[in-house]
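**Student:** build me a model from this:
(chains A and B)
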Number of protein chains: 2
Amino acid sequence: MKIAGRPYRTIWLRPDGAIEVIDQARLPHEFVTEVLNSAADCARAIKTMVVRGAPLIGATAAYGVALAMRADASDAALTAAIAMLGATRPTAVNLHWALRRMERALSRLPVSARADAAFVEAAAICDEDVEVCRRIGVHGLACLKAAAATKSAGPLNVLTHCNAGWLATVDWGTALAPIYMAHDAGLGVHVWVDETRPRNQGASLTAYELGAHGVPHTIIADNAGGHLMQHGKVDLCIVGTDRVTRNGDVANKIGTYLKALAAKDNDVPFYVALPSSTIDWQLASGRDIPIEERSADELLQMTGRLANGDIARVAIAAPGSPGANPAFDVTPARLISAFITERGVCAASEEGLKSLFPKESE
Amino acid sequence: MKIAGRPYRTIWLRPDGAIEVIDQARLPHEFVTEVLNSAADCARAIKTMVVRGAPLIGATAAYGVALAMRADASDAALTAAIAMLGATRPTAVNLHWALRRMERALSRLPVSARADAAFVEAAAICDEDVEVCRRIGVHGLACLKAAAATKSAGPLNVLTHCNAGWLATVDWGTALAPIYMAHDAGLGVHVWVDETRPRNQGASLTAYELGAHGVPHTIIADNAGGHLMQHGKVDLCIVGTDRVTRNGDVANKIGTYLKALAAKDNDVPFYVALPSSTIDWQLASGRDIPIEERSADELLQMTGRLANGDIARVAIAAPGSPGANPAFDVTPARLISAFITERGVCAASEEGLKSLFPKESE
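**Tutor:** Numbering: from 1, shown residues only, chains lettered A, B, ... in the order given. All right, here's what the predicted structure looks like:
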């Protein structure tokens, strides 16, 4: 997608052979890129959240292996690079998937062929992610067009929660891919951006990337979405997901469930956009998903820009009061209008998912 | 209620004849009181939000009239004081009600009797507010006790939104009055405090006053309540209200509607505590309530305490992204389990309200 008119991905190979990424830890206050020259650089970028979002973390780890192979393509160096990169975010499923894929592709090759092959494989991981997101965009665009056809005037108003945009992937994003396609196709679209407390990924990242690409949008408190739906100001909702269970329940950023309830109460379609890699066929229902409890500091303190431009952290709550910070909630399948996947749109149910992914469900 | 073991009201007459209030603009970061020596002092305290909350604003205005009468009890001075105090917050219903009451009580008296009578009337306004809140507490306590009786172990977990506590009134509060009574009676109670974006009245004021009185509580993001209800961690919800329409619809701080939806979806009782003065018998339903749209700055910037103790304002959103900030939403009566009023508990319906307030409804 574009920043100030120039197309970007979140990660790319430079002409000089190094890797370059957008430093997302400094967004939205500053747009800066960072050059990664080694596997250690890639590990640091993942650990310090210079890169974030499951697909982008996987892509960065893959390029980390490639940079390691260029320096030393021995078995020992391959094992060491994978161990170092794998330790950065131990619970990131996509990270470990990407590292296993690199290992399988490289370990059977002669040492002399590994560096070139590693860059080819890392590029393939990136391109495949872009293609999955692009297809989600194409299928989602049909949903947006159908909704727009029922409106007599004004832009299509889409509400989203958290950041499921191109900054979390290599390009396009998941929930935002249909929105970028609609915007680029000239379909008038306006996005209500939930700020997404406590980490504010909506107000910072989603608003940033929509603004940079030129998509009309408005930041709202997470509290406001229900009121907007009651007053006909939301035509549909699209969110991403961290994990979908076999029955169609959806784990996503805390607060998603409340928006789904409001959408149901006001007959507003509620879509979940997902690459099929997030379907967990082993889990029967959302009740089985463990919910990460994160530090209360994320809630009780906030980072922002002072009037002089400096970035500062302030305590915003009553001193001494404790906080609780569950990071995700589960939206039951009954509240979801449909899934938008890279293979098409389906019902939020085991039957729906099986209709598009018959082999994977076995 | 208590702060560090010492009982307080939010406003009181000092032995030297001046008025003293808690400076709520400096909460939760600092506890400071302010002495008000004149009607102009009272007007400034209202305007700068040193005092806030409808009942407390009314009480401060009433004492402002009393201080004016002590300086000059002429008709001209009475008219001038009422005009000055009335201009501080033009849309505050309770403010104008208190000023009309003072005018009625004083204008018929000889000038020499006005100052003493004004202090008596202002004290009566305060005491009546305390008594209304105390009665709400007594009736609400019965609801809490009934809920506690169904629990085999652990404290009663109550979720509240925004600040409907004693800091918004003269003492006790509305939604928090039953909680203070339960706590003081030794019934184990724990409060989930919605931070209440964008102005954070929950994380700052509700958490502050509960903590100061010693009531166990935990601050949560507004996004978290639905998840907690899904997991049985909320036994009941109590919120306050700014206005109740004839059919039982409730206008309250933005986001209340989302919590009521989640309570309904999880069979969690959802109570609204209200003094009968907030019932608007003229409005047929919540659809008729105009919703105030406030400055987006409240959403896009945040005030807090730097590590060095200084209070600072930071910009937290993507630069240049617009925001929208509707301040209230309407919770339909169908989602409300019951109203808790100073006359008892009733159904959230016209019939329910009429059963307790037959004369007022005519």
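
**Student:** who touches the residue in the stretch 51-200 of chain A that chain B sits nearest to in this structure?
**Tutor:** Here the stretch 51-200 of chain A gets closest to chain B at one residue, A:Arg197, 4.3 Å apart by CB to the nearest CB. Any C-beta I mention is one placed from the backbone N, CA and C, and that applies to glycine too. With contact taken as CB atoms under 8 Å, 6 or more residues apart in numbering or on different chains, A:Arg197 is in contact with A:222, A:255, A:299, B:195, B:197, B:221-223.

**Student:** B:Lys259: which of those is nearest?
**Tutor:** Nearest to B:Lys259, judged by CB to CB, of those is B:Asp222 at 8.2 Å.

**Student:** shouldn't the closest one be in contact with A:Gly255?
**Tutor:** Yes: B:Asp222 lies in contact with A:Gly255 (CB atoms under 8 Å); the separation is 7.3 Å.

**Student:** what about A:His96, how many neighbours?
**Tutor:** A:His96: 17 surrounding residues under other CB atoms under 10 Å in any protein chain shown.

**Student:** distance check, it against A:Ile125.
**Tutor:** Distance, A:His96 to A:Ile125, by CB to CB, to the nearest Å: 13 Å.

**Student:** tell me how chain A divides into domains.
**Tutor:** A:2-128, A:137-356 (automatic domain parsing).

**Student:** so, low pLDDT: which residues of the stretch 251-362 of chain A?
**Tutor:** Under the criterion pLDDT under 70, no range of the stretch 251-362 of chain A is flagged.

**Student:** near chain B, which residues of it show up?
**Tutor:** A:253-255, A:257-259, A:261-262, A:265, A:291, A:296, A:299-307, A:312-326, A:328-330 (CB under 8 Å from any CB of the partner chain).

**Student:** among those residues, name the ones in strands.
**Tutor:** Counting by DSSP state E, the part of these found in strands is A:253, A:301-305, A:312-315, A:328-330.

**Student:** mind putting the residues you listed into CSV with neighbour count?
**Tutor:** Below are these laid out as CSV (neighbours: other CB atoms under 10 Å in any protein chain shown):
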residue, neighbour count
A:Lys253, 24
A:Gln301, 18
A:Met302, 23
A:Thr303, 16
A:Gly304, 22
A:Arg305, 19
A:Ala312, 17
A:Arg313, 16
A:Val314, 22
A:Ala315, 18
A:Phe328, 23
A:Asp329, 27
A:Val330, 23
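
**Student:** pipe those residues into CSV and attach distance to B:Val239 per row.
**Tutor:** Output for those, formatted as CSV (distance: CB to CB, whole Å):
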residue, distance to B:Val239
A:Lys253, 24
A:Gln301, 26
A:Met302, 24
A:Thr303, 30
A:Gly304, 29
A:Arg305, 33
A:Ala312, 33
A:Arg313, 31
A:Val314, 27
A:Ala315, 26
A:Phe328, 25
A:Asp329, 21
A:Val330, 25
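
**Student:** so who does the spatially closest residue to A:Ala168 that is not a sequence neighbour touch?
**Tutor:** If the residues on either side of it in the chain are set aside, A:Ala168 comes closest to A:Gly53, at 2.9 Å by CB to CB, 6 or more residues apart in numbering or on different chains. Listed by CB under 8 Å, 6+ apart, the contact partners of A:Gly53 are A:10, A:163, A:167-169.

**Student:** in the stretch 1-150 of chain A, which residue sits nearest chain B?
**Tutor:** A:Pro28 (3.7 Å).

**Student:** that residue: what secondary structure?
**Tutor:** coil (DSSP: H, G, I helix; E, B strand; the rest coil).

**Student:** gap between it and B:Thr303?
**Tutor:** 19 Å.

**Student:** how long is stretch A:65-81 end to end?
**Tutor:** End-to-end distance of stretch A:65-81 (CA to CA, to the nearest Å): 6 Å.

**Student:** give the buried residues for it.
**Tutor:** A:65-70, A:73, A:77-78, A:81 (16 or more other CB atoms under 10 Å in any protein chain shown).

**Student:** which stretches of the stretch 1-150 of chain A form helices?
**Tutor:** Along the stretch 1-150 of chain A, the segments classed as helices by DSSP state H, counting those that start in this stretch run A:39-47, A:54-71, A:75-86, A:93-107, A:111-149.

**Student:** the second one - contacts with which helices or strands?
**Tutor:** By that I understand helix A:54-71. strand A:11-13, strand A:19-22, strand A:33-36, helix A:39-47, helix A:75-86, helix A:93-107, helix A:111-149 (3 or more CB pairs under 8 Å, 6 or more residues apart in numbering or on different chains; DSSP states H and E).

**Student:** please state the offset of it from the chain centre?
**Tutor:** 18 Å (CA atoms, centre = their mean, to the nearest Å).

**Student:** got it, and the shortest one?
**Tutor:** Helix A:39-47 has its average C-alpha position 19 Å from the chain's average C-alpha position, going by CA atoms, centre = their mean.

**Student:** about what we covered before: my guess is the residue of the stretch 1-150 of chain A closest to chain B contacts A:Gly202. True?
**Tutor:** No: if you go by CB under 8 Å, A:Pro28 and A:Gly202 don't touch, sitting 10.8 Å apart.

**Student:** return the residues of the stretch 1-150 of chain A in contact with chain B.
**Tutor:** Residues of the stretch 1-150 of chain A lying near chain B (CB under 8 Å from any CB): A:27-29.

**Student:** how about 7 Å then?
**Tutor:** A:Pro28 (CB under 7 Å from any CB of the partner chain).

**Student:** sorry, back to before: quick one: which of the helices and strands packed on helix A:54-71 is nearest A:Arg243?
**Tutor:** helix A:93-107 (8.6 Å).

**Student:** counting by contacts, list what that closest one packs against.
**Tutor:** For helix A:93-107, the elements it packs on are helix A:54-71, helix A:75-86, helix A:111-149, judged by 3 or more CB pairs under 7 Å, 6 or more residues apart in numbering or on different chains; DSSP states H and E.

**Student:** the strand or helix carrying A:Leu353 packs against which elements?
**Tutor:** Element membership for A:Leu353, per DSSP states H and E: helix A:350-356. Under the contact criterion of 3+ CB pairs under 7 Å, 6+ apart, helix A:350-356 touches strand A:344-346.

**Student:** switch the helices and strands packed on helix A:54-71 over to a markdown table; also include distance to A:Leu283 and mean pLDDT.
**Tutor:** Compiled in a markdown table, the helices and strands packed on helix A:54-71 are given as follows (distance: least, CB to CB, whole Å; pLDDT from 0 to 100):
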| stretch | distance to A:Leu283 | mean pLDDT |
| --- | --- | --- |
| strand A:11-13 | 30 | 98 |
| strand A:19-22 | 32 | 98 |
| strand A:33-36 | 35 | 98 |
| helix A:39-47 | 26 | 97 |
| helix A:75-86 | 23 | 97 |
| helix A:93-107 | 13 | 94 |
| helix A:111-149 | 21 | 98 |
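
**Student:** CSV for the ones you listed, including distance to B:Ala212?
**Tutor:** What follows is those, written out as CSV (distance: least, CB to CB, whole Å):
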stretch, distance to B:Ala212
strand A:11-13, 50
strand A:19-22, 45
strand A:33-36, 46
helix A:39-47, 40
helix A:75-86, 48
helix A:93-107, 45
helix A:111-149, 50
